[in-house]
Structure formats: C-alpha cells, structure tokens
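A.B. asks: show me the folded form of this:
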Amino acid sequence: MRIRLKLALWAAALLSVSRGEARCADEPPQRPNVLFIVADDLCTRLGCYGDDLVQSPNIDRLAGRGVRFERAYCQFPLCNPSRASLLNGRRPDVTGVYENSTQFRSHIPDAVTLPQTFLKAGYFVARVGKLFHYGVPTQIGTSGLDDPPSWRQVVNPRGRDKDDEDKIFSLVPGQFGGTLSWLAADGADDEQTDGIGAAEAIQLLEAHRDEPFFLGVGFYRPHTPYVSPKQYFEANPLEKITPAVVPENHRAGVPPPAFASGKPEQDRMDDHLRREAIQAYHAATMFMDAQLGRVLEALDRLGLAERTIVVFTSDHGYHLGEHGLWQKMSLFEESTHVPLIIHDPRAKGNGQASSRTVELVDLHATLADLCGLEAPADLDGTSLRPLLDDPNADWTKPAYTQVWRGPPPGAAGNKGQKREQFMGRSVRTERWRYTEWDDGKRGAQLYDHDSDPQEYHNLIDDNQFADVRTEMKRLLAK
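C.D. replies: Numbering: from 1, shown residues only. Take a look at the predicted model:
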C-alpha cells in the first residue's frame, strides 16, 4: 500500500513538472531590460577612443563588452535641442527646439518619446538625474524641462556641489553653467550629485530586478562647473596636459559663423589657465566614469547584465581649445562627435568597433527594434541593429547636425532690435564633412578626414574636389 502511494506521489510530481515545463515552453522569453545612460557635455576624450591621458576604465570596459561607434553624431550641439531630438527620435526641425528654454511638447504635443514607447509596452520606466534638459547647475535637484508623461518614477539628486557653489572658480565670477568654471571639491564621491544619482539608480535596479525595466540615468558631469573630489584632479597633473595647438591661419577661408560660439573670456586665457581648465574637465570625466562603474557593477551583482541592453552616450561633443573654441555650439568635429556604446548581450558584434556614421536620433528606433516593441511610425532615425551584429555591415547613411546663429526664432536682440538669425547645417560621411551657413549664403566648409581629421584646411574652393562638393551638397539638401 505504501509503495503504491509513493508511486502515485512520484507520478503526480512528474506530471506537475512536465506541465510546468510545458507552460514555460509556451511562455515568451522575458523581454530585455534597458539601462540608458547619458553623460552631460562629454566629448570623445576617453581611453577607448584613443586618448592616452584620460582614465575612463568603466567606459572602456563597457566598450570592450559592446559595440563602440567611432563616428556617432548629435543632431544639435546644445543640451536641450539634442536631448529633445534623441529622446523623441525626431530631428530638431521637427521638435522645434533650438535653445535651452523650450519644452518640446509646445511644438509636438502628441509625441511618443523613447521612454513612453517602453511605458506603453508595460515596462517599469524611471529616470534618475538629467535626461531631458534642465540647467546645470542652477536647476540641479529639480525636474527642469522634464517630460512627466515619459516616466513612472523620477529622482532628482542634489549633492554638496550645489552647496559649494561659492567656492567655484569661474572665468566670469558668479557664472557657472555657461562659462568655464571648476572646483577640486572636499569630501567623497557619494556626497556629489552624480554619486547620489548612482546610488539611487542602484536602488531602482534592486527594487525592479524581477520585471522588465527601462532605467534612464543622466549624469551631470563633466558639464561645467567641472566639480569633482580632489583625488581626480590629483590623478591629472598639470605637467602632463598640453593645450591644443591651433595654426595661426586656421580662420583663413572659413566663414565667420563657424567661430561664433567663442566667448571673449576664453580668448583671454593663458596656457596655465588652459591647462587648469582641461585638468578640471578630465577630473570631472573620471569622476563620472567612477559613478558609471558603480551602476554597472550593480548590474553584474544582481544578475541582470545578461538580459539588459546598456546604452552609453552624451548629448553632444565638446571643445577644449581646438580651433580656439571651448565648450559646444560649433559644427566642427569636436562639438558634434559623441561617444556611443551599445551592449546588447545577444549581439554578434560585441567587443568590436564600427566606423559607420550613425546619429543619436537613431536610438529610439534601435531600442524599440531590439526589444521587439512597436515604435512610432514617424521616427526620423534608423535602427542600428544590423551594425550591432556586424559592425562593418554595408551602411551608407550620413549624419546630420545643425546649429542656430543669432537669437532663437521669435527672440529679440540687444536693445529690442532684431539680430540676424540663420541656421548652420552640416553633413558627415565616413570621409567628409560639409557645412553650409544660411543655406550657403554666408559660406560653406568642406573637410577631408582622411588627410585633415582636425578640420583645419577648408577645401570648399578647391576645384580638385568639385565633384565631392556637389555630392555633399546633395546629401545636405536631402
């Protein structure tokens, strides 16, 4: 009797297991998570992009695990226009955002943003820090120009960098966000805004590890003021820093609007001050990299790395003295070029670099594609999925960047007078950059990156390249 009972129990158990296996086989595989990380004002001065001085071990490690895009470009080299574009998957001429005060829904009220695409699919969607635009440092700790429909939960970290503002050195005393400024701060990483943001992101990973999530993490550094703990300054001694060497005649034959982002206080800097500014920027980059490392380590510790797509990028590039320019808002390579790393654990191209030209506007289409979600039909970007499986796949798509000169549309100039307003537009292929100012009426530029990667020799009037000029002009009009 006992034997028959045991056999019956075993049979029931086996039947239960087989039914469970059948249910598992019928269930669709769990959708991948997304960890979407955006640094602020970060150029490609990183170890994985060939910089010998900047220490970026965590970004470099992510590049070794994923696909590193060597030629990725923003659509507008300013925070708000760029973020409105990349988080919508629409170009600036569609979002209508050309400066740092317009919220994109005033132009496209029914837009479906990248995080909204994941919300609609049932993901837990949250933001920590700066994803959509808000001013740094004035709006740290607030939501700024955030988009509430895009998130289920938001965290606005605020650290001691806000309380230490009276200690910050600035080229323009009292101004921090719009000009070069820096501070070698007292205290530890976890007291700073980005340190607090990293801790909050880790808590969200821990709390939502068992459900599909889209977590946006926006770091504030290395945006000016370049604030980071003193140890990161000490790791970048001044004697190892060499300011950019700019040819004396580098402005000859170049349209003046190309240099209109320059500021008078920057022209007055001597070499020692230039070294200090670069040291501070590198220190802020290293500090941000360390906070990124904390988040990536948590992803590994929680067993999430093999089912989470990680994207790391910046809203635009950054000048550190090249062309005599600092910060952003130019159409030269340093201002338009951004780091972009995508690690999809399933991708066949992981560990490789892609030299194809890609755009931040491509990210909405890419992540929807990778996660099997329905994307809005009106996106301007293209999925990068083919390049994640084969980084050298055929790819002819160029990259476009634009920037405004003069007051934004509708804004008044000095003393109530209207100043001239026009757009600069640039197109980048793997070899060439072509730029027009005011549809060419205020000049144009053509650069050959095979022979002139620093863009110091404008070939626009060289008839040897007439056919190239014609083709690039056609691409820009397209």
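A.B. asks: burial measure for L387, as a count.
C.D. replies: 24 (other C-beta atoms under 10 Å). Backbone N, C-alpha and C define where each C-beta goes, glycine included.
A.B. asks: can you tell me the SS state at it?
C.D. replies: Recorded secondary structure, L387: helix (DSSP: H, G, I helix; E, B strand; the rest coil).
A.B. asks: and the closest residue to it other than its chain neighbours, what are its bridge partners?
C.D. replies: Nearest residue to L387, sequence neighbours excluded (C-beta to C-beta, 6 or more residues apart in numbering): S354, at 5.0 Å. Beta-bridge pairing of S354 under DSSP bridges involves F69.
A.B. asks: looking at S354 now. What's its pLDDT?
C.D. replies: On pLDDT, S354 comes in at 98.
A.B. asks: and what of G406?
C.D. replies: Note on G406: pLDDT of 89.
A.B. asks: wait, it sits on M423?
C.D. replies: No: contact criterion C-beta atoms under 8 Å: G406 and M423 do not qualify, at 9.6 Å.
A.B. asks: neighbour-wise, which of the two wins?
C.D. replies: More crowded of G406 and M423, by other C-beta under 10 Å: M423, with 18 against 15.
A.B. asks: for the protein, which helix is longest?
C.D. replies: Assignment by DSSP state H gives helix 271-301 as the longest helix of the chain.
A.B. asks: run the chain-centre distance for that helix.
C.D. replies: 15 Å (C-alpha atoms, centre = their mean, to the nearest Å).
A.B. asks: top strand in the protein by residue count?
C.D. replies: Using DSSP state E, we find that the single longest strand of the chain is strand 213-222.
A.B. asks: before we move on, back to that, following element in sequence after the longest helix of the chain, please.
C.D. replies: strand 308-314 (DSSP states H and E).
A.B. asks: how about the helices in the stretch 101-250 of the chain?
C.D. replies: With DSSP state H, counting those that start in this stretch as the criterion, the stretch 101-250 of the chain has helices at 114-120, 160-163, 193-207, 230-234.
A.B. asks: report the buried residues of the longest helix of the chain.
C.D. replies: Residues 274-296, 298-299 are the ones in helix 271-301 that count as buried (16 or more other C-beta atoms under 10 Å).
A.B. asks: which residue packs closest to R294, ignoring adjacent ones?
C.D. replies: Excluding the flanking residues, the one nearest R294 by C-beta to C-beta, 6+ apart is A198, at 4.6 Å.
A.B. asks: hmm, the one you found is touching Q291, no?
C.D. replies: Yes: contact status for A198 versus Q291: in contact at 4.0 Å, counting by C-beta under 8 Å.
A.B. asks: intersection of neighbour lists for the two?
C.D. replies: Shared contacts of A198 and Q291 (C-beta atoms under 8 Å, 6 or more residues apart in numbering): none.
A.B. asks: count the neighbours of G303 for me.
C.D. replies: 10.
A.B. asks: for V94, same thing?
C.D. replies: Neighbours of V94 (other C-beta under 10 Å): 19.
A.B. asks: can you tell me the SS state at it?
C.D. replies: helix.
A.B. asks: tell me the spacing between it and P81.
C.D. replies: Distance, V94 to P81, using C-beta to C-beta, to the nearest Å: 11 Å.
A.B. asks: ok, the longest strand of the chain: who's next to it in the sheet?
C.D. replies: With DSSP bridges as the test, strand 213-222 pairs up with strand 33-40 (parallel), strand 124-129 (parallel).
A.B. asks: which one of those strands lies nearest to T102?
C.D. replies: strand 33-40 (18.6 Å; C-beta to C-beta).
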